[in-house]
Every structure is written in C-alpha cells, then in structure tokens.
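Undergrad: What follows is a predicted structure for the sequence shown.
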Amino acid sequence: MDTLQQMRIFVLSVRSGSFSEAGRQMDLSPASVSRYVQALEERFGARLVNRSSRRLSLTHAGEVLMERASRVLQEYDEIKPAIADVGQGLQGRLHVHAREFIGHHLIAPLTARFLEQHPEVDVILTLSDKPLDLIENNIDVSIRTERGNEIKQLSLVMKKLGSWPRVVCASPSYLHQRGKPRTPLELAQHDCLTYQFHQAAPVWHFRRGKEEEQVKVHARVQSSSGEALRRFALQGQGIALMPLWSVSADIEAGRLVAVLQGYHATPTNAPFQHNVFAVYQKARHQSARLKAFLQTLVASMSQAEVA
C-alpha cells in the first residue's frame with residue numbers, strides 16, 4: 001500500500017474532521033479510509049487517532065505525523081510543477097492571499113501585470129481580512145503589511161517587498177470648504193478620518209528632517225477598514241492619512257489632494273514607512289512561479305520605496 005497515499009488520506013481526515021468527510025472527498029467509503037489510517041499506524045507502530053470521540057482527535061504521535069506529513073505532501077506536490085517550470089518555462093497555478101484593502105488597490109493590479117508577463121501561469125487570488133493558515137489552505141504566498149506572530153514558525157519565511165510613504169489627503173470639496181492645512185498642528189482644527197485604535201483620541205506623528213511632532217486629531221470617523229476611510233475621504237467627510245498605494249490613482253485623477261507633502265506621517269507609533277511583506281512556506285522557496293511573482297512585486301514597489 002502506497003505510504004504517500006496513506007499519509008494524504010490521514011491528513012485529509014484530520015483536516016475534514018472525520019473519516020466520512022474524507023471518504024466523500026476522495027470517493028472512498030469511511031471503512032476504506034479507516035483501513036488506510038490503520039495501515040499507517042501499523043507502519044509507524046503507533047496509534048495516531050482516538051476513535052472513541054465523535055470528532056476525530058489526534059494522539060501525540062498523530063500530531064507529530066500530521067505536521068511532518070503535511071510538509072512531505074506539500075514538497076512532493078511541488079516536484080512536478082518545479083520540473084515543468086525548468087523544462088518548459090513558467091506554468092501552473094499560484095495561490096496568493098492578501099487582505100481586502102491592499103489586495104484590491106495594490107496586489108490585484110500587480111498580479112495582472114505578472115499574468116501578462118507569464119501567460120501560462122494561472123492565479124488564485126484570495127482576498128480576506130481573516131488570517132488564513134498557509135499550509136492548511138495550500139497558499140503559496142500571503143501579502144502582509146505587518147509582522148505576524150506566526151512568522152516564528154520555522155516552516156515560514158517573511159520577505160520584505162517594499163516600503164511606501166503615507167500621504168495626508170482630502171477631497172477638493174472638503175479643502176475648498178475648510179481650507180488646506182499648512183502645518184500638522186492645523187489638523188487639530190479639522191475633521192479627520194482615522195483607523196480605529198484602542199485609545200482615547202488618535203494621535204498622528206509627523207517628521208520633517210530631524211524634527212518630529214505629534215498631533216491629537218479630531219476623529220470625525222474611525223474605522224478598522226482602510227477602504228471605508230478612503231471612501232469617506234472621497235465623499236468630503238474629512239482628512240485621511242493613507243498609504244500611498246491606496247490613493248495614488250485618486251490623487252492622479254484629482255479626486256483627492258495631497259497636503260502637508262513636506263512631512264513624513266504615520267498614525268500612532270507605527271513606522272513612518274508603510275512596509276509590505278511576503279510570507280511563504282520554506283518548502284516552496286524554490287518555486288520558479290513564486291520567485292517570478294515576488295520579483296514582479298519588488299520591481300514595481302521599488303519605484304515608490306522610501307529610503
């Protein structure tokens with residue numbers, strides 16, 4: 001009996017939660033799935049699952065095998081595409097994940113550019129503000145704007161792709177009505193659109209040369225959604241502090257106007273640079289498709305990178 005097939009059925013059973021569901025997905029009876037797992041237990045000489053509970057649960061040996069088998073299967077599944085990449089040029093499928101805001105405004109346009117350069121590659125672009133496990137969801141690369149705790153996992157790698165400035169901006173209608181702020185301190189007299197933080201009042205930080213100052217702004221609107229803040233700004237509801245990638249098209253089209261351009265700015269105590277990272281599995285770092293995709297992102301983002 002094929003050990004790889006046994007491990008694949010075991011991993012699928014654990015992820016789906018039952019032999020029945022794993023059997024349905026692989027067109028096998030629950031009894032057949034159980035026999036595969038039992039054969040795997042006999043091969044390794046250890047009980048892997050507790051069969052007494054309604055939902056499948058793992059023994060300690062099962063947990064160890066689940067982690068190792070998942071890696072083995074991922075690497076095995078990468079062999080054929082990797083050889084195809086070398087022999088026939090880039091082809092196959094790339095699964096990319098990003099949060100909704102950066103996905104719509106930055107990653108989707110850059111992915112379109114990548115697809116133009118590599119017509120034999122297909123892309124799954126999953127946009128979700130919910131954190132997704134790369135291994136469980138078979139994701140090749142996740143684009144982030146922050147360092148996550150999961151990067152401590154030895155199986156994951158984080159690579160910085162670029163840095164973008166933030167820009168203070170508002171609609172022409174708002175600035176016509178309320179005036180254009182000339183210094184950061186003048187923001188205290190304006191309505192501002194801020195990210196939702198757990199503090200009494202949002203504080204924006206500014207730097208020009210070696211001088212830094214902090215301004216407590218009046219938050220007319222607070223939101224956890226960058227896209228919502230962008231739309232409020234477009235509708236003339238106040239002044240927003242946004243990463244440049246999210247509003248560059250609006251500024252070029254005249255829908256928004258950048259102000260206080262002589263300053264670097266950031267909300268709270270975040271870095272003045274808005275960094276963008278790629279997170280991917282170590283097992284996939286040799287994928288030619290992934291390397292080419294990251295090269296496209298780096299080349300495009302470097303045009304806006306700040307020293």
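TA: Everything's here; your move. Numbers count the residues shown, from 1 in each chain.
Undergrad: Per the annotation, how does this structure divide into domains?
TA: Domain segmentation of the chain under automatic domain parsing yields 3-79, 89-163+275-304, 166-267.
Undergrad: tell me the mean pLDDT over the last one?
TA: Per-residue pLDDT over domain 166-267 has a mean of 91.
Undergrad: Do you know the pLDDT at Leu154?
TA: 51.
Undergrad: okay if I get the domains of the chain as JSON lines plus mean neighbour count?
TA: C-beta: built from backbone N, CA, C; applies to glycine. Compiled in JSON lines, the domains of the chain are given as follows (neighbours: other C-beta atoms under 10 Å):
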{"stretch": "domain 3-79", "mean neighbour count": "16"}
{"stretch": "domain 89-163+275-304", "mean neighbour count": "17"}
{"stretch": "domain 166-267", "mean neighbour count": "17"}
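Undergrad: Which strand or helix spans Glu116?
TA: Element membership for Glu116, per DSSP states H and E: helix 108-117.
Undergrad: the helices in the stretch 201-307 of the chain, which residues?
TA: 226-234, 244-253, 288-301 (DSSP state H, counting those that start in this stretch).
Undergrad: can you check the stretch 51-200 of the chain too?
TA: Under DSSP H, counting those that start in this stretch, the stretch 51-200 of the chain gives helices at 60-88, 100-102, 108-117, 172-178.
Undergrad: Which of those helices sits closest to Gly226?
TA: Closest approach to Gly226 among the helices of the stretch 51-200 of the chain (C-beta to C-beta): helix 100-102, 4.1 Å.
Undergrad: Which secondary structure elements does that closest one sit against?
TA: helix 226-234, helix 244-253 (3 or more C-beta pairs under 8 Å, 6 or more residues apart in numbering; DSSP states H and E).
Undergrad: And Leu110, how close does it get to Ala240?
TA: 23 Å (C-beta to C-beta, to the nearest Å).
Undergrad: Same question for Cys169.
TA: Taking C-beta to C-beta, one finds Cys169 at 6 Å from Ala240.
Undergrad: Overlap in contacts, these two.
TA: 233, 247 (C-beta atoms under 8 Å, 6 or more residues apart in numbering).
Undergrad: would TSV of the helices of the stretch 201-307 of the chain with distance to Leu106 be doable?
TA: Below are the helices of the stretch 201-307 of the chain laid out as TSV (distance: least, C-beta to C-beta, whole Å):
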stretch	distance to Leu106
helix 226-234	11
helix 244-253	4
helix 288-301	8
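Undergrad: Nearest to Phe19 among these would be which one?
TA: Nearest of these (C-beta to C-beta): helix 288-301, 33.8 Å.
Undergrad: which other helices and strands contact that closest one?
TA: helix 60-88, strand 92-98, helix 108-117, strand 141-144, strand 156-164, strand 274-281.
Undergrad: and these, which one is worst for confidence?
TA: When I compare those, helix 60-88 is least confident, with a mean of 73.
Undergrad: circling back: kindly reformat the helices and strands packed on helix 100-102 as CSV containing distance to Ala265.
TA: What follows is the helices and strands packed on helix 100-102, written out as CSV (distance: least, C-beta to C-beta, whole Å):
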stretch, distance to Ala265
helix 226-234, 14
helix 244-253, 11
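Undergrad: any idea of the mean pLDDT in stretch 24-43?
TA: For stretch 24-43, the per-residue pLDDT averages 85.
Undergrad: what's the spacing between it and its chain's center?
TA: 35 Å (C-alpha atoms, centre = their mean, to the nearest Å).
Undergrad: same deal with stretch 289-296?
TA: The answer for stretch 289-296 is 15 Å, by C-alpha atoms, centre = their mean.
Undergrad: outside of it, which residues touch it?
TA: Against stretch 289-296 from outside (C-beta under 8 Å, 6+ apart): 81, 85, 90, 92, 94, 96, 110-111, 113-114, 117-118, 121, 140-141, 159, 161, 278, 280, 284.
Undergrad: Hmm, Lys282 is touching Met158, no?
TA: No. Counting by C-beta atoms under 8 Å, Lys282 stays clear of Met158, with 10.9 Å between them.
Undergrad: And Trp204, how far from Arg178?
TA: Distance, Trp204 to Arg178, using C-beta to C-beta: 17 Å.
Undergrad: what's next to stretch 248-267, contact-wise?
TA: 105, 165-172, 175, 180-184, 194-195, 197, 202-208, 230, 233-234, 239, 241, 247, 272, 274, 306.
Undergrad: who touches the closest residue in space to Gln6 that isn't next to it in sequence in this structure?
TA: Excluding its sequence neighbours, the residue lying closest to Gln6 (C-beta to C-beta, 6 or more residues apart in numbering) is Leu40, at 4.3 Å. Shown in contact with Leu40 (C-beta under 8 Å, 6+ apart): 3, 6-7, 10, 48, 65.
Undergrad: Let me know the closest of those residues to Glu75.
TA: Met7 (12.0 Å).
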